[in-house]
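1. fold the following for me, if possible:
(2 chains)
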Amino acid sequence: MWFEDIVLGETRDLGTHTFTEEEIIAFGKKYDPQPFHIDPEAAKTSMFGGLIASGWHTAAVWMKLSIESRKKEVAGGRNLARSGVSPGFEDMRWLKPVRPGMTLHYSATPFEKVDLKSRPELGLIKNLGEARDETGDVVFSFIGKGLVARKPKESSL
Amino acid sequence: MSGADTTLLHFEDFRPGQTFAFGRYEVTKEEIIDFAEQFDAQPHHLDEEAGRRSLLGGLAASGWHICAMAMRMFADGIILKSANRGGLGADECRWMKPVKPGDMLRMEVEVLETRAPKSLSGVGFVRFSCRIFNQREQVALLNMTPILARRGA
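-> Sure, this is the predicted structure:
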């Protein structure tokens, strides 16, 4: 599958992840040691009223599920676009706190294709990445960018 | 001084154009692989040989790991010294160069914008631009907007 084959607006369901207190604290201690990410007692008196996951933890789980879902789809015989290098992302929003025991449902929806004059063999895909809680509210979103190979001109594929 | 809170930086302490420089984060092979095993299990983040065959030219950290390491430097440099009330988000991230084992990361930070919407009492938003360098060059850019308490709120 090439850049040209990607269908805009087609949402990939990436599956779910349930956040545990243990992993929230482990990630927080290593990368984001604010009291409300690492100390359940101190978190009670914070504006969140309890422990919450670092926004970067919520984001990293999007990547984890994206990779796992890709592996499952490839194993199931689906011809996916070659995973490319990403130049970055835009507009990441942490909309609601993510607490221990919450299960988030993650997804990715390609919504824009950008031609790259400097790299004619590649195209840029913009993806809306999201995580929703059990009530369906979006708790996390961002616009991911991926470089994907274009169909070679001489190819008969 | 009427309490520990007055020693913390508040919304009013930040102005557009202010700059900060800090950070010293040594990137290890073990940590690159450990992060990738948990969150980004692609061959170029797990295996030296696969990394050499990729565009990254060797084992390199996941971009999400770069964000996490940047957050740690930002936390140690500013957030843990501030009356922080959470984060709104990160409006831009650019992964510019591979981050590899042995790299020593540091950060240069500039305040881009401060705003305190009337609808929110007691807090304001400060948008920071964080440029992340290794020992040679800039490797990433990350804009983050924490929510900070206002003085006296």
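
2. which parts of the helix or strand harbouring A:Lys72 are buried?
-> Using DSSP states H and E, A:Lys72 sits within helix A:55-75. For helix A:55-75, a neighbour-count test (16 or more other CB atoms under 10 Å in any protein chain shown) marks A:55-67, A:69-70 as buried. Where you see a C-beta, it was placed from the backbone N, CA and C, and this is true even at glycine.

3. which one among those gets closest to A:Glu41?
-> For the buried residues of helix A:55-75, the closest approach to A:Glu41 (CB to CB) belongs to A:His57, at 19.8 Å.

4. measure that closest one to chain B for me?
-> Taking CB to the nearest CB, to the nearest Å as the measure, A:His57 and chain B are separated by 8 Å.

5. so that residue makes contact with A:Ile25?
-> No - assessed by CB atoms under 8 Å, A:His57 is found out of contact with A:Ile25, at 10.2 Å.

6. tally of neighbours for B:Pro43?
-> Neighbourhood size, B:Pro43 [other CB atoms under 10 Å in any protein chain shown]: 13.

7. same thing with B:Thr6?
-> B:Thr6 has 11 nearby residues by other CB under 10 Å.

8. gap between it and chain A?
-> Distance, B:Thr6 to chain A, by CB to the nearest CB: 18 Å.

9. is it fair to say that residue lies in a helix?
-> Yes - secondary structure of B:Thr6 (DSSP: H, G, I helix; E, B strand; the rest coil): part of a helix.

10. returning to that earlier point: show me what the very next helix or strand once past the helix holding A:Lys72 is packed up against.
-> Counting by DSSP H and E, the element after helix A:55-75 in chain order, helix or strand, is strand A:88-94. Identification of packing neighbours for strand A:88-94 by 3 or more CB pairs under 8 Å, 6 or more residues apart in numbering or on different chains; DSSP states H and E yields helix A:55-75, strand A:138-149, strand B:84-95.

11. the second one to strand B:84-95, inter-axis angle?
-> When axes from the mean of the first three to the mean of the last three CA atoms, to 10 degrees is applied, the directions of strand A:138-149 and strand B:84-95 differ by 10 degrees.

12. for strand A:138-149, what does the pLDDT average out to?
-> For strand A:138-149, mean pLDDT rounds to 96.

13. so where's the chain shaky on pLDDT?
-> As the question left the chain open, I've gone with chain A. Counting by pLDDT under 70, chain A contains low-confidence residues at A:80-84, A:154-157.

14. oops, chain B please
-> Looking at chain B by pLDDT under 70, you get B:1-5.

15. tell me which parts of it are close to chain A?
-> Taking CB under 8 Å from any CB of the partner chain as the measure of proximity, chain B contacts chain A at B:35, B:38-42, B:54-56, B:62-64, B:67-69, B:71-72, B:75, B:79-80, B:84-95, B:140-141.

16. which strands or helices does the longest helix anywhere in chain B pack on?
-> Criterion DSSP state H: the longest helix present in chain B is helix B:63-77. With contacts taken as 3+ CB pairs under 8 Å, 6+ apart, helix B:63-77 sits against helix A:21-31, helix A:55-75, strand B:19-26, helix B:29-39, strand B:84-95, strand B:104-115, strand B:123-133, strand B:138-149.

17. kindly present those as TSV, with separate columns for distance to A:Ser141.
-> As requested, those are exported to TSV (distance: least, CB to CB, whole Å):
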stretch	distance to A:Ser141
helix A:21-31	20
helix A:55-75	10
strand B:19-26	28
helix B:29-39	18
strand B:84-95	9
strand B:104-115	21
strand B:123-133	18
strand B:138-149	15
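
18. what about the spatially most central residue of chain A, distance to B:Gly89?
-> Centroid-nearest residue in chain A, with CA atoms, centre = their mean: A:Trp62, separated by 3.1 Å. Going from A:Trp62 to B:Gly89 by CB to CB, to the nearest Å gives 14 Å.

19. what's the overlap in contacts for those two?
-> Residues touching both A:Trp62 and B:Gly89 by CB atoms under 8 Å, 6 or more residues apart in numbering or on different chains: A:Phe142.

20. so A:Glu130 is in which element?
-> Going by DSSP H and E, A:Glu130 is in strand A:122-132.

21. neighbouring strands for that strand, and are they parallel or not?
-> Strand pairing for strand A:122-132, using DSSP bridges, gives strand A:103-115 (antiparallel), strand A:138-149 (antiparallel).

22. how close does B:Ile79 sit to B:Leu56?
-> To B:Leu56, B:Ile79 is 30 Å away according to CB to CB.

23. could you do A:Gln34 as well?
-> 31 Å.

24. likewise A:Lys117?
-> Counting by CB to CB - A:Lys117 and B:Leu56 are separated by 23 Å.
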